[in-house]
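*Asks:* Based on what follows, work out the 3D shape:
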Amino acid sequence: MKIMYRLTLIASVLLSNSLMASHHEQDEDAGLTFEDKLAACSACHGVNGDQPLMPDYPILSGQYQDYLEEALTAYKTGRRQHMIMNMQVQALALTDADISKLAAYFASKPGLIGLGE
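*Replies:* The predicted structure follows:
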């Protein structure tokens, strides 16, 4: 049930963004608030970035802010490839300010200890 809720949330964000994009092509932000963008990230990575939807999704909480900024920027520019992340970053129309705020948010959360292998 939890997975279906998250997938529905992601689909809703992507669909609403694509519908708004036709009306707001000049608007870099596409009408999404920072909270909307954070919710889209949290749908797969968990509210605090410490409960990923799938085992192969990374834990974001406690990561270094500069690492998270670099990763999101690389997805945005296409230097880093991942089918879901590249699509998500483009659909959310993340600005540099959004990337910094998202990275700061997840970096400020406590990291998980002892989960590495």
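
*Asks:* For the closest residue to Asp96 other than its chain neighbours, give me its contacts.
*Replies:* Closest residue to Asp96 apart from its sequence neighbours, by CB to CB, 6 or more residues apart in numbering: Thr73 at 7.7 Å. For glycine as for every other residue, the C-beta is placed from the backbone atoms N, C-alpha and C. Shown in contact with Thr73 (CB atoms under 8 Å, 6 or more residues apart in numbering): 79, 96, 99.

*Asks:* Make TSV out of those and add distance to Asp66, secondary structure and neighbour count.
*Replies:* Below are these laid out as TSV (distance: CB to CB, whole Å; DSSP: H, G, I helix; E, B strand; the rest coil; neighbours: other CB atoms under 10 Å):
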residue	distance to Asp66	secondary structure	neighbour count
Arg79	15	coil	10
Asp96	13	helix	11
Ile99	11	helix	20
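
*Asks:* His45: which of those residues is nearest?
*Replies:* Ile99 (14.8 Å; CB to CB).
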